[in-house]
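Asks: With the sequence up front, the predicted model follows.
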Amino acid sequence: MTSDMRPKLRRIQASPGHWQGQPVLVLRDPLGLMDRAVAIPRSVAPLLELCDGTSDAVTLRTALELRTGLRLGPDYVEKMLAELDEALLLENERFTQAYRETVERFRSASSRPPNLAGTMYPANPEWLERTLKEYLAPVPPEVDNVSGIGQLRGLVSPHIDYGRGGGVYAEVWQRAAVAARAAEVAIVLGTNHHDCQKLFTMTRQSYSTPWGLLPTANDVVDTVAGALGEEEVFAEELHHRTEHSVEAAAVWLHYLVKDRDCELVPVLCGSFHGFVEGDEHPGEDEQVALFVEAVRKSTANRRTLIVAAADLAHVGPAFGDHYPIGLSERASMSAADGELMDAIAQGDAEGVFWQVKKEGDRRRICGLSPIYLALRILGETTGKVTGYAQCPADQQGTSFVSICGIVLS
């Protein structure tokens, strides 16, 4: 970078850390374009807010001193900005070129590789099969009417790691096994955990698991893209490369369908934060209506399974709460989750949304959009809860993620 350039910081991940005993802020690229982090002293963190594309290095140094009283050496800011640039954390031509090349590589690859293989689950297909069988062992074998609610058309499955959620995964997928094996296409709606701007992020790329390829139903993708616009559904396509929510469900689906022909439609669903905080709601949103209609239209003549890969609440200090979650808070969490699961099992998409909105999403229901959209696509439906768990999210046992399994007919 040259000293007269005006740096603009991208949307990045920032987390607290320590280096040589000093508190630092660790900055990373959420897209993973480069496997490199930059650590800066926390005292310098206010400088990041000033990197908005309007000031050069000299002006930034002066502004930081005026704002905080911190005086930096003449070369400090230039060196820090050079590190940010090298790590592709600045919004400039260098980042744009790297992003473009990464998207092209992703689209031209033979498939999306199983990103979580070797971490969330075994990369070896035989070991993976053995692992899932161990989760399934305590669950009674599936039969056509095991749910007691008729032919299954959909389910809510977690997207938490298998180590914590394996039992809930096994319960819901065992009860959906007959429907999964009969499906010609599976629409997997997963939470987009990236800082995204779009409600729907799709891809024509196929997903792989350790057992091989789950081909994407590109005719369905094309119908949705035609309804919403190519830019709308593919602008953030690269999020599929590292997002785990769809993959977590796709592995269980592939285990059940094995060598049968079942196509996948992977959809990353953006946050409903704007609906929760604002006056509008998804029941009146044109994009939501167009998406639901396009999915229904393109799958009308095929046996279709709708999967919401969705966790529920995220509470405790690990998620920003200022208090630990004890026994009474966990009981309240269970009661609130119970009301939410009842609304899901009744097929009440609007009821699910309004419950979350009523509490201001203070429990951070990260699966709201996939669950809502699954219910909208299914239309009139009834369901049954197959499992529920509160999974620890810190070593102190003071933060929790709640998950559930629900089958829908």
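Replies: Here it is on my side, so go on. Given the structure is predicted, the values throughout are model-derived calculations rather than measurements.

Asks: now stretch 200-207: how far from the chain's centre is it?
Replies: In this view, stretch 200-207 has its centroid 14 Å away from the chain centroid, taken as Cα atoms, centre = their mean, to the nearest Å.

Asks: Show me the protein divided up by domain.
Replies: 13-103, 112-408 (automatic domain parsing).

Asks: how about a markdown table for the ones you listed, with mean pLDDT, distance to residue 7 and mean neighbour count added?
Replies: Using the backbone N, CA and C atoms, a C-beta is placed for each residue, glycine as well. Supplementary listing: these in a markdown table, determined by pLDDT from 0 to 100; distance: least, Cβ to Cβ, whole Å; neighbours: other Cβ atoms under 10 Å:
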| stretch | mean pLDDT | distance to residue 7 | mean neighbour count |
| --- | --- | --- | --- |
| domain 13-103 | 91 | 5 | 15 |
| domain 112-408 | 95 | 19 | 19 |
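
Asks: between the ones you listed, which one is nearest to residue 6?
Replies: Closest to residue 6 of the domains of the chain, according to Cβ to Cβ: domain 13-103, at 5.3 Å.

Asks: where do the helices sit along the stretch 151-300 of the chain?
Replies: 162-175, 177-182, 218-228, 230-234, 239-242, 245-257, 273-277, 286-298 (DSSP state H, counting those that start in this stretch).

Asks: Counting by contacts, list what the fourth one packs against.
Replies: In terms of contact count using 3 or more Cβ pairs under 8 Å, 6 or more residues apart in numbering; DSSP states H and E, helix 230-234 is assigned the packing partners strand 200-202, helix 218-228.

Asks: rewinding a little: using TSV, lay out the domains of the chain together with distance to residue 6.
Replies: Output for the domains of the chain, formatted as TSV (distance: least, Cβ to Cβ, whole Å):
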stretch	distance to residue 6
domain 13-103	5
domain 112-408	23
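
Asks: Of those domains, give the one that comes closest to residue 5.
Replies: Nearest to residue 5 among the domains of the chain is domain 13-103 (6.6 Å), distances taken as Cβ to Cβ.

Asks: First-to-last residue distance for that closest one?
Replies: Its start and end residues considered, domain 13-103 measures 20 Å (Cα to Cα, to the nearest Å).

Asks: top helix in this structure by residue count?
Replies: helix 327-345 (DSSP state H).

Asks: Could you list the residues in contact with it?
Replies: If you take Cβ atoms under 8 Å, 6 or more residues apart in numbering as the criterion, helix 327-345 is touched by 156, 312-313, 315, 323, 325, 351-352, 355-356, 359, 363, 365, 371, 375, 382-385, 388, 390, 400, 402, 404, 406, 408.

Asks: Can I get it in CSV, CA atoms only?
Replies: The C-alpha trace of helix 327-345 is given here as CSV (Å, rounded to 0.1, in the frame of the first residue of the first chain):
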residue,chain,number,x,y,z
LEU,A,327,-30.7,-24.5,36.6
SER,A,328,-33.6,-22.0,36.8
GLU,A,329,-32.5,-20.3,33.5
ARG,A,330,-32.2,-23.7,31.8
ALA,A,331,-35.7,-24.5,33.0
SER,A,332,-37.0,-21.2,31.5
MET,A,333,-35.0,-21.9,28.3
SER,A,334,-36.7,-25.4,28.1
ALA,A,335,-40.2,-23.9,28.5
ALA,A,336,-39.6,-21.2,25.9
ASP,A,337,-38.2,-23.8,23.5
GLY,A,338,-41.2,-26.0,24.2
GLU,A,339,-43.6,-23.3,23.0
LEU,A,340,-41.5,-22.8,19.9
MET,A,341,-41.4,-26.5,19.1
ASP,A,342,-45.2,-26.7,19.7
ALA,A,343,-45.7,-24.0,17.0
ILE,A,344,-43.3,-25.8,14.6
ALA,A,345,-45.1,-29.1,15.2
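
Asks: i'd like the first residue to be 864 from this point on
Replies: From this message on, residue numbering opens at 864, which makes the last subject helix 1190-1208.

Asks: which stretch among the helices and strands packed on helix 1093-1097 comes nearest residue 896?
Replies: Set against residue 896 and scored by Cβ to Cβ, the helices and strands packed on helix 1093-1097 come closest in strand 1063-1065, at 16.9 Å.
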